[in-house]
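# Make a model of this:
(one chain, ligands or ions: 2)
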Amino acid sequence: MTRKELFKNTLRKSVHAWKLINELPLSDDESLMLRHFMDQPGFLDLHWRMFVPAIKGQGTEEQKQKWLPLANKMQIIGCYAQTELGHGSNVQGLETTATFDPQTDQFILHSPTQTSSKWWPGGLGKVSTHAVIYARLITDGKDHGVHGFIVQLRNMDDHSPLPGITIGDIGVKFGNGAYNSMDNGFLMFDKFCIPRDQMLMRLSKVTREGKYVPSDVPRQLMYGTMVSVRQTIVSNASIAMARAVCIATRYSAVRRQFGSQNGGIETQVIDYKTQQNRLFPLLASAYAFRFVGEWLKWLYTDVTQRLEASDFATLPEAHACTAGLKSMTTSATSDGIEECRKLCGGHGYLWCSGLPELFAVYVPACTYEGDNVVLQLQVARFLMKTVSQLGSGKAPAGTTAYMGRAKHLLQCRSSIRKAEDWLNPAMVLETFEARALRMAVSCANNLSKFENQEQGFSELLADLVEAAIAHCQLIVVSKFIVKLEGEIKGKGVKNQLKNLCYIYALHLIHKHLGDFLSTNSITSEQASLANHQLRSLYTQVRPNAVALVDAFDYTDHYLGSVLGRYDGNVYPKLFEEALKDPLNDTVVPDGYHEYIRPLIKQHLRSARL
Ligand SMILES: CCCCCCCCCCC/C=C/C(=O)SCCNC(=O)CCNC(=O)[C@H](O)C(C)(C)COP(=O)(O)OP(=O)(O)OC[C@H]1O[C@@H](n2cnc3c(N)ncnc32)[C@H](O)[C@@H]1OP(=O)(O)O
Ligand SMILES: Cc1cc2nc3c(=O)[nH]c(=O)nc-3n(C[C@H](O)[C@H](O)[C@H](O)COP(=O)(O)OP(=O)(O)OC[C@H]3O[C@@H](n4cnc5c(N)ncnc54)[C@H](O)[C@@H]3O)c2cc1C
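Ligands and ions are numbered 1, 2, ... in the order given. This next block holds a predicted model:
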């Protein structure tokens with residue numbers, strides 16, 4: 001499809017999905033699943049996952065009563081317009097202004113520079129009638145920082161931009177289809193006025209007289225919508241990773257190369273230890289991210305209930321966990337999809353393998369809802385704060401509770417003696433805890449050598465990110481182990497999950513061996529025992545690998561992959577797909593008479609001479 005066709009077709013699908021949601025009707029959770037099976041980025045994502053939650057989280061009761069019924073019935077369509085051309089990560093650096101005019105009781109929205117143009121918001125370019133706009137609030141010449149406003153963008157009769165608004169699509173993005181179904185947009189305000197009651201005023205207010213009344217709740221609640229979406233992105237990482245792994249596993253069982261004895265059949269590539277060493281940790285990650293996603297959903301629900309009761313104690317941890325896990329799981333999934341493409345050899349590069357499109361549509365998850373490095377630095381800040389409070393009498397809680405055992409974890413030596421010890425959950429956990437804590441403490445010690453903490457933080461950014469990743473990996477391993485300790489239905493399922501859990505943990509040890517050795521969390525002998533155990537786990541998973549991806553229950557239609565077909569009938573279908581290509585519509589291609597023939601003839605002439 002051309003971009004225009006793709007965009008229009010996504011509108012068609014979105015509206016059809018919305019019709020089904022109402023007609024069937026579907027619950028909120030079911031509606032999200034329907035969106036998932038629609039399988040294309042579109043304006044509904046932003047409307048439901050960001051615009052509506054922003055109003056719910058930051059609007060007053062009155063504002064919710066006014067706007068939510070309209071949004072819930074989709075009589076208005078909204079997006080989330082925070083990022084600007086010049087600033088995305090640095091939200092405090094946004095330039096759009098919302099200046100209160102007491103004469104008219106309005107805010108004047110203005111884009112003072114080119115870099116202040118809103119740039120990237122999905123659904124903004126062509127679809128949304130409204131947006132939650134983030135702008136610097138100015139009253140009586142004073143800048144109060146960034147706040148949210150509900151703004152109508154387009155005329156409700158003919159969809160034209162309202163006077164004072166310049167709006168459009170930012171252009172083609174990575175890949176052919178992929179995220180191009182979405183109208184990521186730009187927007188500039190030229191002294192555009194909105195009524196005062198369209199500032200989202202749950203967190204802070206501007207009175208009729210123009211007085212700014214700051215809230216007594218943390219200003220970070222303004223970032224609540226991002227926390228909510230980051231949480232869902234973790235579960236989505238599992239879905240995307242599982243999809244790629246399903247394709248690569250099924251195809252690896254079908255594909256044969258080398259190893260033929262006396263004209264017999266060749267070896268299935270899934271039987272090569274190198275293939276297993278690349279593939280099975282990804283299979284394990286798909287399960288691991290699912291379980292950590294379930295736990296994160298619980299954490300998010302818990303913090304939301306606490307916030308409603310004005311208990312803000314767990315907000316920093318919820319922020320650190322959602323930011324860190326969003327970052328870690330999306331980076332691993334993007335890399336994992338690309339690895340699955342390579343695991344499928346040359347055919348993985350064909351569009352009909354389903355992997356190029358999956359990669360192209362998935363990879364911006366490393367950037368949207370917060371650049372992955374920037375987010376890990378938030379985790380690092382949280383860890384440095386926690387380390388600095390050790391010994392102050394305030395016991396670390398939640399995912400940092402292990403830091404409360406710092407005295408032990410800083411000096412303990414791993415008691416792994418034989419390969420099977422690496423299947424002991426307590427020993428594995430202690431290894432990850434020791435590594436995470438020692439990395440964090442080492443950063444804190446190095447930081448303390450700087451007179452200026454901010455300068456020290458800047459200098460140590462790379463180490464801090466690694467410490468944050470170590471902490472996040474510990475969370476994922478520990479939640480997998482917790483899952484195994486709970487009730488698991490199905491004969492033999494627990495054993496399979498156990499294998500995957502230890503593959504997940506041990507492959508991380510192998511991958512980050514430098515961390516584990518340099519922090520003395522393990523010795524090189526223990527590392528080699530871990531590798532030995534890992535190989536043994538691969539052998540145990542091998543006979544069940546295909547069943548473990550079938551368990552994701554993805555239909556062929558959803559997978560969209562000739563290589564990942566359930567029936568394994570890959571080769572005839574590759575031919576069928578090839579023959580569908582428009583280049584094969586004619587035997588002699590367009591351009592033959594114009595370019596190929598004259599070229600060949602010229603050579604023939606010179607040959608005769
Ligand atoms: C089938 C597939 C379906 C997929 C479905 C997914 C659909 C998704 C659609 C995606 C569309 C994309 C949308 C977007 O991208 S929207 C824009 C997202 N933008 C960002 O994420 C910006 C990232 N930047 C930030 O979040 C902040 O600016 C940053 C956290 C980096 C820094 O903020 P700030 O400068 O204000 O803060 P400080 O560093 O000074 O920190 C101040 C304290 O505040 C704490 N903090 C920061 N953020 C939060 C938060 N969210 N919640 C709670 N607390 C927070 C921070 O830790 C500091 O605390 P301390 O003072 O205690 O240290
Ligand atoms: C597909 C897609 C959809 C999007 N949808 C929306 C949307 O609906 N609404 C919306 O408002 N926005 C949206 N965005 C914007 C998105 O949220 C931002 O692009 C994202 O937050 C990253 O910000 P940035 O582009 O400013 O990156 P930058 O911050 O400019 O990052 C550039 C580089 O600088 C590094 N860097 C930046 N700051 C630091 C630091 N402090 N320390 C170390 N390194 C640093 C980063 O790691 C990165 O390598 C979308 C983006 C994409 C790609």
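# longest single helix anywhere in this protein?
helix 273-308 (DSSP state H).
# need the next SSE after it, C-terminal direction.
Next helix or strand after helix 273-308 toward the C-terminus (DSSP states H and E): helix 315-343.
# And that following helix, what's buried?
Within helix 315-343, the residues that count as buried by 16 or more other CB atoms under 10 Å are 315-341, 343. C-betas here are computed from N, CA, C, even on glycine.
# ok, now stretch 212-220?
residue 212.
# Show me the helices in the stretch 51-200 of the chain, by range?
Ranges of helices in the stretch 51-200 of the chain, per DSSP state H, counting those that start in this stretch, are 52-58, 61-72.
# how about these, which one is nearest residue 90?
When the helices of the stretch 51-200 of the chain are compared by CB to CB, helix 52-58 sits nearest residue 90, at 19.3 Å.
# The residue of the stretch 151-300 of the chain found nearest ligand 2: neighbouring residues, count only.
Closest to ligand 2 within the stretch 151-300 of the chain is residue 179: 5.0 Å, counting by CB to the nearest ligand atom. Applying other CB atoms under 10 Å, we find 19 other residues in the vicinity of residue 179.
# picking that back up, to ligand 2, which of the helices of the stretch 51-200 of the chain lies closest?
helix 52-58 (10.6 Å).
# what's the longest helix of the chain packed up against?
helix 224-254, helix 315-343, helix 461-485, helix 493-511, helix 524-541, helix 545-550 (3 or more CB pairs under 8 Å, 6 or more residues apart in numbering; DSSP states H and E).
# And the residue nearest to residue 420 when sequence neighbours are not counted, what's its pLDDT?
Counting by CB to CB, 6 or more residues apart in numbering, residue 420 lies nearest to residue 533, which is 7.0 Å off, once chain neighbours are set aside. pLDDT for residue 533: 98.
# How many neighbouring residues does residue 533 have?
Residue 533, neighbours per other CB under 10 Å, totals 21.
# Surely it touches residue 419?
Yes - counting by CB atoms under 8 Å, residue 419 is a contact partner of residue 533 at 4.2 Å.
# What is the burial count for residue 467?
28.
# Okay, residue 336 and residue 549: tell me how far apart.
Per CB to CB, to the nearest Å, residue 336 is found 13 Å from residue 549.
# Let me fix that, I meant to ask about residue 480.
18 Å.
# partner residues bridging residue 131?
On the basis of DSSP bridges, residue 131 is bridged to residue 79, residue 151.
# can you pull the contacts of it?
51, 78-81, 121, 124, 150-151, 153, 187 (CB atoms under 8 Å, 6 or more residues apart in numbering).
# what about 6 Å?
Residues near residue 131 by CB atoms under 6 Å, 6 or more residues apart in numbering: 78-79, 81, 151, 153.
# Max pairwise distance over those: which two?
79 and 151 (10.3 Å).
# who has more neighbours, residue 480 and residue 549?
Remark: of residue 480 and residue 549, residue 480 carries more neighbours, 26 against 23, as counted by other CB under 10 Å.
# Please identify the residues of the stretch 301-450 of the chain in proximity to ligand 2?
364, 367-368, 370-371, 373-374, 377 (CB under 6 Å from any ligand atom).
# Repeat the analysis, applying 8 Å as the threshold.
Counting by CB under 8 Å from any ligand atom, the residues of the stretch 301-450 of the chain close to ligand 2 are 364, 367-374, 377.
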